[in-house]
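Engineer: Pasting a predicted model and its sequence here:
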Amino acid sequence: QERLVEFGGGLVQIGGSLRLSCAASGRAFSTYAMAWFRQAPGKERDIVAAISWTGSSTYYANSVKGRFTISRDNAKNTVHLQMNTLKPEDTAVYYCAAEPNLSQRLSEGRSFYDLWGQGTQVTVSS
């Protein structure tokens, strides 16, 4: 069964760091683009970062550029999101998502991603 499972969420102080991980099973992980989305209460689920199947192409939302880094390890079927200098507005449920995509062009819309994890809560507090 295809599945994505996120790890690493939690409560962190303003300016702190967290590393989210997503473990994939049941599909050819290395042939899929991967992304992190987030959804705050009352808001849309928006893309945070994405990475191509080779790892050579990445995308970041403007709000996280320079603070977040997405990476992947195809040998371990995992994708990570390193989040530094966290702000209260980063508080959200973070979702890992997979898109069948063998190009280096990354998709920003939710509809392109056909497999989702259950989400992990990140709370940034003073």
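Structural biologist: Yep, it's here.
Engineer: And the nearest residue to F29 once chain neighbours are set aside, how far from Q104?
Structural biologist: Distances taken as Cβ to Cβ, 6 or more residues apart in numbering place N77 nearest to F29, at 4.3 Å, with adjacent residues excluded. In short, each C-beta sits where N, CA and C put it, glycine included. Distance, N77 to Q104, using Cβ to Cβ, to the nearest Å: 20 Å.
Engineer: So for those two, which residue has more residues nearby?
Structural biologist: Legend: neighbour count by other Cβ atoms under 10 Å for N77 and Q104, higher for N77 (17 against 12).
Engineer: Only the buried residues of stretch 95-104, if you could.
Structural biologist: 95-99, 101 (16 or more other Cβ atoms under 10 Å).
Engineer: For the residue most central in space within the chain, list each beta-bridge partner.
Structural biologist: Centroid-nearest residue in the chain, with Cα atoms, centre = their mean: W36, separated by 2.0 Å. Note on W36: beta-bridge partners A49, C96, judged by DSSP bridges.
Engineer: for S57, what are its contacts?
Structural biologist: Neighbouring residues of S57 by Cβ atoms under 8 Å, 6 or more residues apart in numbering: 51, 104-106.
Engineer: what about 10 Å?
Structural biologist: S57 sits next to 33, 50-51, 103-106 when contact means Cβ atoms under 10 Å, 6 or more residues apart in numbering.
Engineer: Give me the nearest residue to L115, chain neighbours excluded.
Structural biologist: A98 (4.3 Å).
Engineer: For this protein, which segments count as strands?
Structural biologist: Along the chain, counting by DSSP state E, strands occupy 3-7, 10-13, 18-25, 32-39, 45-51, 58-60, 68-73, 78-83, 92-100, 115-116, 120-125.
Engineer: Among those strands, show me which one is buried the most.
Structural biologist: strand 32-39 (a mean of 24; mean count of other Cβ atoms under 10 Å).
Engineer: That one packs against which elements?
Structural biologist: Packing partners of strand 32-39 (3 or more Cβ pairs under 10 Å, 6 or more residues apart in numbering; DSSP states H and E): strand 18-25, strand 45-51, strand 58-60, strand 68-73, strand 78-83, strand 92-100, strand 115-116.
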